[in-house]
Structures are given as C-alpha cells and as structure tokens.
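Student: Sharing a model that was predicted from the sequence below.
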Protein chains: 2
Amino acid sequence: MNDSTPITPAWIAVDWGTTNLRAWAMGAGGRVLAEAQSDEGMSKLSRDGFEPALLRLISPWLGAGRTPVVACGMVGSRQGWCEAPYRVVPCTPLDPAGQVLAPSTDPRIEVRIAPGLKQASPADVMRGEETQIAGALRLMPQYDGVFCLPGTHSKWVHVSAGEVVSFQTFMTGEMFALLSEASVLRHAMGGEGWDDAAFDAAVSDAISRPERIAARLFTLRAESLIAGLGTAAAKARLSGLLIGIELAAALPYWLGQRVTLIGAEKLSALYARALAAQGVTAETLPATGCTLAGLQSLTLAEVAK
Amino acid sequence: MNDSTPITPAWIAVDWGTTNLRAWAMGAGGRVLAEAQSDEGMSKLSRDGFEPALLRLISPWLGAGRTPVVACGMVGSRQGWCEAPYRVVPCTPLDPAGQVLAPSTDPRIEVRIAPGLKQASPADVMRGEETQIAGALRLMPQYDGVFCLPGTHSKWVHVSAGEVVSFQTFMTGEMFALLSEASVLRHAMGGEGWDDAAFDAAVSDAISRPERIAARLFTLRAESLIAGLGTAAAKARLSGLLIGIELAAALPYWLGQRVTLIGAEKLSALYARALAAQGVTAETLPATGCTLAGLQSLTLAEVAK
C-alpha cells in the first residue's frame, strides 16, 4: 500500500469466520484495492468486540463519508456480532432482503451481515459458504449440479435453477486436524512430506470398505511403531481415509453429477484427485473469488434498491 | 491406611499407563493390602523420572528388605522407563521370560516390566492389555473366544488354547474425547445426562449403514442448533455412533463368538448393551481384578523359578 495515495473503496467486503477475519477494500467493478486480515475470529470476541476488531483492520481505508461494509460468515451467528437468521432451503443462496444491519457507533461505516442457510432434514447449517455459492453462480451462470466446498467443515451442495436444493456438512478437516495434531496418531505424522500413492490407496480403501474405517486409524500408529511407516505416508493415508469416508457418505452428491470444487488450492486438488479416481472430473473455482463475487452481488442489489 | 500398623507387602503391582500410575501393595494369595495412584503417567516423565515417581507413591510400603515390583503398561515402551520388547502373536499373553529388569538405584525395590504384544499384519500393538488377558485366563481357565477391552484404545482379542491369536485396536475412546471436548460438537454436549434410546438408535444406525458415518457427526451440531437436540441425547448418540462403527469393523471378532468384556464398569455396560442389540450376550470381568491376576502370575513364576 502506498501511503501517499489513500485508498477510497466503494465498499468493503468482509469474510468473518470462527477463527479469522479477512477484509478487502473494493473498487468499482469488483476490483480489489487492498486486503487485510487478522486472527480476531468470532470465537475470540464478545458481542461488543466486533466493531473495534473490524475498525482495527479497515480504518486505514475509511474516509470522511460512510463506507458500506458487507460481511458473511459466523459473524452472523447467535454468538456473533448480530444474528442474521438462517434462510431455509430450498432457496437462492443469498437474498439481499435477508441481510441484517449490525449495530455500530462509528459514523464512517454501515455494516450488513449476510444470513446463512439451514436445512430441516437432515438437519444442517452453513454460514459463509452460501456467499461463495452465490458468487460461483455469478461466475458460472445457469450452473446445475453440485458444489463441494472442502475445508474444516466440508460442504456438499446441490444447486438447481439458481437455488440450493440440499446440502450436507462433513467434519473432515476438523477430524484431520484433531487426529493428526492431538491424538496418538500425531506421533506417526509431522513434517511437510506427502505420499500420493498412500493417499490414493487410502481413498480407495475407505470408499470400497467404509465399514472398516474404525479399524484403519490405529493401524497408522502401529505401522509407524513396528513396520517403518514414514510420516509422509502416514499423513497422506490419514487424509485419504478421511476424505474417502466423506466421499462414501456423500456418494449421492457426486455419483453421475457435475461437480465443482470451491476451496483452498491444495485441499481442492486432493478432492479433485480423489474424485478423479472415482471417475468424476471436477471443475474448480477459487474460494476468495467466489466470496467476493457473492458479497458484491449484495452491494449491487443495494444500489439497485 | 492405619499408620500404627505398617504395611509389609509380599510384592507390589503396578499399572503404569500413558496418563496414570496405579500401584497396589499385595499380600499373600493376591490380597490387596493398600492401593495408591498418581497422574505421573509415562507421557509426563523423562527416563530418569520413573524411579522417583514410583517411590513417591510406594515408599510408605517399603521396609528394610527388597520388595519385588511388577509393572505393566506403557512404562515398558521405548519412551518409558525401560523398553520391554514386544512379543509376537500368536503367543501366550504373558511370559515371565519376557520381563525386563528396570534400572533402579534404591536398594529397597527390584522392578520388572512385562512386555507388550505385537502383530505383524494388520500391524497392531498392545501394552497392558496382555496382562489383563493373562489375568482373565486365570479367572476363566480354558476360555476360548474373544476378549473386548473397551477404553481410550479399545482392543478386540481372539484367544484360543491359552494363546492370543489375533487382535485389533480401535481409537474409539480417544475419538469420543476429542469430538466431545475439542471439536465443534462440544457445543452440543456437556452435562451428566444420558439417553439410552439415542444411544441404541445410533449403534444400530452405525452398524447397519457404516458408510454414512461421516455424514452423521455434524448433524449432531446442526440438530442442537436448529432442532432442539438436547445435550444428553447428543452425547449418547455420539457414543453410539462411535461404538457402532467400531462394532461394524470388529464384526469378525464378535459375530457368532463367545465375548467377554474387560473394562471400566460404565463403559463395559455400554458395549454389552450394544452387543446385546446384535444378539451377543457378553460376559464381563473387572479390569483391575484382571490386571492384578495377570501381574500375580508373573510373581508366581518368579517364585517357582
């Protein structure tokens, strides 16, 4: 950023999750002028801590007038800044009318929070992914098929005629973190290495014999103790087992479907690889691009109103 | 303990796991004179910390002479006091010749550590459970069938003609602890309540459709958020799902087999309930009784030598 030319964004995009806060100063036509992030996620903040946390990040971008801020994610949960009640599927991923105005005192900002989605049966919820899906639908109009959003809590989302029809959440990323960092398996992991063959074999094993999954985990520890299993192979195999068991349960979402991945590059590549082994060629979209396109659709609606 | 009548044990039994240290002052004929425990498990100790930790616990029981101490568990692992190399199945659960004399400086003790067992394929290991199995075989001579030892790392063990034929470890207890205390599911749990019907339904669901397990977990969180799922039902359902998926993978161990549970009372009761729903009536043995009977078999062998 060049201090001699202050940034004057048309609006500010915010992705505010459980553990992180990210903001983008947006120019005309969806151009990113600057970005910033902090670790002041929802879980670290009390209700009156949100506005100060946001201002710490974006105040360099604020001028004399009032700048619109559009946020998505856990910031809109009951434990967030201000609850943005879930909308119920089937419905469009985003609706400007569902936005909630967050209470704030600084006259330089007006903060709106996008609502998440809920599904009655099987019970499920999302906050943040609906914005990425809305963005993806702007990038791929007329898309009919399935979005897979890998992450801490991966989502599989069936979209048809511009609406979210159904979705399902998997705790795959959180399970991988817990098992590889906090369980007895941590002794078998570690390091940056990776073993594609071990990943592929584990995906195949988990999908073809999902009923064996509970028996596969401790084997990683035992093989590392008595059979020389290396840390790279152990980590890749754990990842493959967990992604494989997710694919086994998500089968109705991908079998014979058009699938598009929205997520971090490395993780999306793993899902694409696992799906390819099942005969599914997944397309991919960048997560941040989808988030920004989704949030922008809300600002455009505001302008149009 | 009455200070006016000092305890003079014939030997001292020690169960030294990853997180806890338990010791029993043993009299003639396997009678328990006193017991003590601390949280100085293997994971908290460096190699030269074991003898002081043991003495802190048992010194009130030591007299002028040398008292034999027999220990089992992770104390015999590579990261323990002294490695007692694994014995390879199929073999008897314990062999006095496999014991290792731990290096110690206090003339009042002589510490022997029982070795664990390992299985080449599928790779698996145990340390501590072999002693419980040896004890169980003293309590139930001629037993032919399967032992299930529920716990942090549950073991299923096929025993025939006095030998351990094969075994399999499941991380069920550790998974339950991680998911209920450290994952997003912790928000749905908590409290002392329990719901038998929720447990039963989850066991049945996991056994009959194990390929759906990855889809079942986040549903607990979502139902607690939007469908009023109570903490007691959520906790019981998580327990049922994890025990159910363990039973699904352990099926060759219990289907049509004689099964005996060795473990903590409450947890064994859950496994017995889950097995009963599959038509298996499990017998039960007390874990501590088995540990002491197993360790005693080593002292008897010493005496006989």
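Tutor: Arrived safely, thanks for sending. Residues are numbered from 1 along each chain as shown, chains lettered A, B, ... in the order given.

Student: wait, doesn't residue A:166 sit right on residue A:119?
Tutor: Yes: counting by Cβ atoms under 8 Å, residue A:166 touches residue A:119, with 6.4 Å between them. (Each C-beta comes from the backbone N, C-alpha and C, glycine too.)

Student: Report the set of residues contacting both of these two.
Tutor: By Cβ atoms under 8 Å, 6 or more residues apart in numbering or on different chains, residue A:166 and residue A:119 have these common neighbours: residue A:89.

Student: how about the residue of chain A positioned farthest from its centre, phi and psi?
Tutor: The centre of chain A is farthest from one residue, residue A:226, which by Cα atoms, centre = their mean lies 38.2 Å away. When read as degrees, to the nearest 10, the backbone of residue A:226 gives phi -120, psi 0.

Student: just residue A:170 next, same as before
Tutor: phi -130, psi 140.

Student: ok, the residue in the stretch 1-150 of chain A positioned nearest to chain B - how many residues close by?
Tutor: Residue of the stretch 1-150 of chain A nearest chain B, by Cβ to the nearest Cβ: residue A:123 (4.0 Å). Residue A:123 has 20 neighbouring residues, counting by other Cβ atoms under 10 Å in any protein chain shown.

Student: Enumerate every residue touching it.
Tutor: B:219, B:222, B:223, B:225, B:226, B:227, B:229.

Student: Please list the residues of the stretch 151-300 of chain A that sit near chain B.
Tutor: Neighbours of chain B within the stretch 151-300 of chain A, by Cβ under 8 Å from any Cβ of the partner chain: A:153, A:168-172, A:174-175, A:178-179, A:182-185, A:210-215, A:217-219, A:221-223, A:225-227, A:229, A:242, A:245-246, A:248-251.

Student: Apply 6 Å and report the result again.
Tutor: Within the stretch 151-300 of chain A, the positions near chain B by Cβ under 6 Å from any Cβ of the partner chain are A:168-171, A:174, A:178, A:183, A:210-212, A:214-215, A:217-219, A:222-223, A:225-227, A:245-246, A:248-249.

Student: Can you list which of those residues are found in strands?
Tutor: Judged by DSSP state E, those include A:168, A:169, A:170 as members of strands.

Student: Enumerate every residue touching the first one.
Tutor: Going back to what we said before, that points to residue A:168. A:156, B:215 (Cβ atoms under 6 Å, 6 or more residues apart in numbering or on different chains).

Student: what do you get if the cut-off is 10 Å, keeping everything else the same?
Tutor: A:119, A:122, A:124, A:154-158, A:246, A:249-250, A:252-253, B:214-215, B:218-219, B:222 (Cβ atoms under 10 Å, 6 or more residues apart in numbering or on different chains).

Student: Just grab the bridge partners of it for me.
Tutor: Here residue A:168 sits in beta bridges with residue A:156, as judged by DSSP bridges.

Student: Could you measure from it over to residue B:176?
Tutor: Noted for residue A:168: a distance of 23 Å to residue B:176, by Cβ to Cβ, to the nearest Å.

Student: likewise residue A:163?
Tutor: Taking Cβ to Cβ, one finds residue A:163 at 38 Å from residue B:176.

Student: Please identify which of the two sits among more neighbours.
Tutor: Neighbour count, other Cβ under 10 Å: between residue A:163 and residue B:176, residue B:176 has more, with 19 against 13.

Student: For the more buried one, which non-adjacent residue is closest in space?
Tutor: residue B:242 (5.4 Å; Cβ to Cβ, 6 or more residues apart in numbering or on different chains).

Student: and the one you found, what pLDDT?
Tutor: Residue B:242 carries a pLDDT value of 98.

Student: Also the one 5 residues further on?
Tutor: We have a pLDDT of 98 for residue B:247.

Student: got the contact list for it?
Tutor: A:211, A:214, B:148, B:156, B:170, B:172, B:203, B:206-207, B:210, B:253-255, B:271, B:274-275, B:277-278, B:280.

Student: What about these, which are in helices?
Tutor: Taking DSSP state H as the definition of helices, the contacts of residue B:247 contribute A:214, B:172, B:203, B:206, B:207, B:253, B:254, B:271, B:274, B:275.

Student: and residue A:14, which of the three is it?
Tutor: strand (DSSP: H, G, I helix; E, B strand; the rest coil).

Student: How many residues are close by the closest residue to it other than its chain neighbours?
Tutor: The shortest distance from residue A:14 to any non-neighbouring residue, by Cβ to Cβ, 6+ apart, is to residue A:71 (3.8 Å). The number of residues packed near residue A:71 is 30, by other Cβ under 10 Å.

Student: Does residue A:71 touch residue A:51 like I think?
Tutor: No: the pair residue A:71 / residue A:51 is not scored as a contact, 11.5 Å apart, by Cβ atoms under 10 Å.

Student: Spit out the residues that contact those two alike.
Tutor: A:81, A:102, A:111.

Student: The last one looks like it's in a helix, true?
Tutor: No: when classified by three-state DSSP, residue A:111 is found to be strand rather than part of a helix.

Student: tell me the contacts of it?
Tutor: Counted by Cβ under 10 Å, 6+ apart, residue A:111 has contacts A:12, A:14, A:50-51, A:54, A:67-71, A:75, A:81-82, A:99-104.

Student: try it again with 7 Å
Tutor: With contacts defined as Cβ atoms under 7 Å, 6 or more residues apart in numbering or on different chains, residue A:111 is in contact with A:69, A:71, A:102, A:104.

Student: and the two most separated of these?
Tutor: Spanning the widest gap among these are A:71 and A:104, at 11.3 Å by Cβ to Cβ.

Student: Just the buried residues from the contacts of residue A:168, in PyMOL please.
Tutor: The following PyMOL line selects those of the contacts of residue A:168 that are buried, judged by 16 or more other Cβ atoms under 10 Å in any protein chain shown:
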select buried, (chain A and resi 119+122+124+154+155+156+157+158+246+249+250+253) or (chain B and resi 214+215+218+219+222)
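
Student: Reformat the ones in strands among the residues of the stretch 151-300 of chain A next to chain B into a markdown table and put pLDDT next to each item.
Tutor: A markdown table is the format used below for these (pLDDT from 0 to 100):
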| residue | pLDDT |
| --- | --- |
| A:168 | 98 |
| A:169 | 98 |
| A:170 | 97 |
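
Student: Could you export those as CSV, including distance to residue B:27?
Tutor: Formatted as CSV, these follow (distance: Cβ to Cβ, whole Å):
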residue, distance to residue B:27
A:168, 60
A:169, 57
A:170, 55
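
Student: Which one of the residues you listed is nearest to chain B?
Tutor: Nearest member of these to chain B, counting by Cβ to the nearest Cβ, is residue A:169, at 4.1 Å.

Student: Helices along the stretch 151-300 of chain A, start to end?
Tutor: In the stretch 151-300 of chain A, helices defined by DSSP state H, counting those that start in this stretch lie at A:172-182, A:196-208, A:213-226, A:231-249, A:251-254, A:265-276, A:287-304, listed in chain order.

Student: With just CA atoms, put the last one into CSV.
Tutor: Okay, so that is helix A:287-304. Taking C-alpha atoms only, helix A:287-304 is exported to CSV below (Å, rounded to 0.1, in the frame of the first residue of the first chain):
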residue,chain,number,x,y,z
ALA,A,287,-12.6,-19.6,-2.9
THR,A,288,-11.8,-16.0,-2.4
GLY,A,289,-13.0,-15.0,-5.9
CYS,A,290,-16.3,-16.7,-5.1
THR,A,291,-16.6,-15.0,-1.7
LEU,A,292,-16.0,-11.6,-3.2
ALA,A,293,-18.4,-12.2,-6.2
GLY,A,294,-21.1,-13.3,-3.7
LEU,A,295,-20.6,-10.3,-1.4
GLN,A,296,-20.6,-8.0,-4.4
SER,A,297,-24.0,-9.3,-5.5
LEU,A,298,-25.4,-8.0,-2.3
THR,A,299,-23.9,-4.5,-2.8
LEU,A,300,-25.3,-4.4,-6.4
ALA,A,301,-28.7,-5.3,-5.0
GLU,A,302,-28.3,-2.5,-2.5
VAL,A,303,-27.5,0.0,-5.3
ALA,A,304,-30.4,-1.2,-7.4
